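K.L.:
what's the 3D shape of this:
(one chain, ligands or ions: 2)
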Amino acid sequence: MADTTASAAHDGAQPVCRIVVMASGNGSNFQALIDGVVDQRIPNAAIVRLFYNKAKAYARERAEKAVPTIPTEYFNLVSRGFLPKGETDPQRTRDARAAYDAALAQEVLKHNPDLVVLAGWMHVFSAPFLRPLDAAGVKIINLHPALPGRYDGAHAIERAFNDFKAGKLQNNTTGVMIHYVIEEVDRGQAIMTQEVQCREGETLEQLEGRIHGVEHKLIVEATAKVAAEAVERKSRR
Ligand SMILES: Nc1nc2c(c(=O)[nH]1)N[C@@H](CN(C=O)c1ccc(C(=O)N[C@@H](CCC(=O)O)C(=O)O)cc1)CN2
Ligand SMILES: NCC(=O)N[C@@H]1O[C@H](COP(=O)([O-])[O-])[C@@H](O)[C@H]1O
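P.N.:
Ligands and ions are numbered 1, 2, ... in the order given. Sure thing, here's the model as predicted:
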């Protein structure tokens with residue numbers, strides 16, 4: 001079947017950066033990537049697949065509404081049979097996650113990606129996912145709504161907001177970063193960062209709105225940078 005992917009009109013002479021996107025929720029950053037490919041702010045690129053791990057992720061609808069549509073794959077830890085529903089044993093859970101990560105790596109690699117972008121992907125990867133992609137030369141980048149070394153993990157915006165309200169936020173400033181993904185969560189080398197100044201009297205929702213706006217800009221710029229480097233490497237082959 002023809003590889004129907006969201007890709008900009010590219011000049012044909014240049015190789016195309018094949019991008020796999022992974023998301024768990026609303027997908028507004030995924031939408032920014034779709035739009036960035038179509039309007040060529042991310043040139044010579046194609047989003048070849050979306051993987052999502054939550055059944056209600058609106059990101060799936062965004063893929064189906066894209067022109068051309070973007071193929072999707074639902075890959076959930078429980079529904080795919082890796083972790084029995086309600087399992088709480090720590091070792092069994094670790095083993096299940098490792099098996100899930102290994103299987104997901106093979107699924108992703110089937111699509112010959114040059115780049116994987118985590119756009120609100122809320123699952124921490126272990127080595128069984130990271131090593132096969134590294135061995136295949138596939139870069140993985142992640143969007144995180146905090147500055148390097150600050151607020152690693154989930155709920156970063158809310159934690160920074162609460163520290164600001166308590167007068168404990170460094171320079172009253174948080175931000176957004178796009179970074180390479182390594183096993184240590186949110187500690188990979190930063191590719192791009194942008195600071196966001198917190199404002200007195202602002203609600204969490206208002207801060208989240210401003211941060212999402214920065215995310216949508218930064219994820220396109222960082223993906224364009226890393227995709228161009230991938231195209232350059234392919235051109236030299
Ligand atoms: N090995 C890595 N995996 C991931 C990274 C990373 O840098 N290294 N980045 C994350 C994205 N992320 C923050 O940017 C992040 C996402 C989710 C969590 C988390 O605690 N997840 C829980 C489940 C939460 C849920 O299902 O709602 C978990 O995985 O058990 C922390 C950080 C993507 N992966
Ligand atoms: N640690 C990762 C993390 O917190 N990611 C955050 O998930 C949201 C996804 O929104 P979206 O689904 O609308 O793109 C974004 O705010 C992103 O920074």
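K.L.:
Could you find the closest non-adjacent residue to Asp114?
P.N.:
Residue nearest to Asp114 in three dimensions, not counting chain neighbours: Ala230, with 4.1 Å by C-beta to C-beta, 6 or more residues apart in numbering. From N, CA and C alone the C-beta is placed, and that goes for glycine too.
K.L.:
cool, Lys85 as well?
P.N.:
Excluding the flanking residues, the one nearest Lys85 by C-beta to C-beta, 6+ apart is Val78, at 5.4 Å.
K.L.:
try Arg159
P.N.:
Tyr151 (5.1 Å).
K.L.:
how about that neighbour, what does it touch?
P.N.:
Neighbour list for Tyr151: 159-160, 174 [criterion: C-beta atoms under 8 Å, 6 or more residues apart in numbering].
K.L.:
Would you mind stating the distance between the residue nearest to Lys85 and Ala105?
P.N.:
Noted for Val78: a distance of 19 Å to Ala105, by C-beta to C-beta, to the nearest Å.
K.L.:
between these two, which one's more packed in?
P.N.:
Shown here are Val78 and Ala105; by other C-beta atoms under 10 Å, Ala105 has more neighbours (23 against 14).
K.L.:
if I look at that one, how far off is Met22?
P.N.:
For Ala105, the distance to Met22 (C-beta to C-beta) stands at 12 Å.
K.L.:
give me the beta-bridge partners of Met192?
P.N.:
Beta-bridge partners recorded for Met192 (DSSP bridges): Ile178.
K.L.:
returning to what we had before: the residue nearest to Lys85 contacts Arg97, correct?
P.N.:
No: at 11.2 Å, Val78 does not count as touching Arg97 under the criterion of C-beta atoms under 8 Å.
K.L.:
Not counting its neighbours along the chain, what's nearest Val214?
P.N.:
Per C-beta to C-beta, 6+ apart, closest to Val214 is Val176, 4.8 Å.
K.L.:
Helix or strand for the one you found, just tell me which one.
P.N.:
Using DSSP states H and E, Val176 sits within strand 173-180.
K.L.:
can you tell me which residues contact Lys139?
P.N.:
Lys139 touches 114-116, 180, 226, 230, counting by C-beta under 8 Å, 6+ apart.
K.L.:
so of those residues, which ones are in strands?
P.N.:
Judged by DSSP state E, the contacts of Lys139 include 115-116, 180 as members of strands.
K.L.:
Narrow those to just the buried residues.
P.N.:
Using 16 or more other C-beta atoms under 10 Å as the burial test, those include 115-116 as buried.
K.L.:
Just give me the closest of the ones in strands among the contacts of Lys139 to ligand 1.
P.N.:
The closest of the ones in strands among the contacts of Lys139 to ligand 1 turns out to be Tyr180 (C-beta to the nearest ligand atom; 8.5 Å).
K.L.:
Could you report the distance from that closest one to Gly188?
P.N.:
From Tyr180 across to Gly188, the span is 4 Å (C-beta to C-beta).
K.L.:
Give the residues shared as contacts by those two.
P.N.:
Asn142.
K.L.:
Ligand 2 versus the residue nearest to Arg159, what's the distance?
P.N.:
According to C-beta to the nearest ligand atom, to the nearest Å, Tyr151 and ligand 2 sit 9 Å apart.
K.L.:
Having no further points to raise, I will conclude here.
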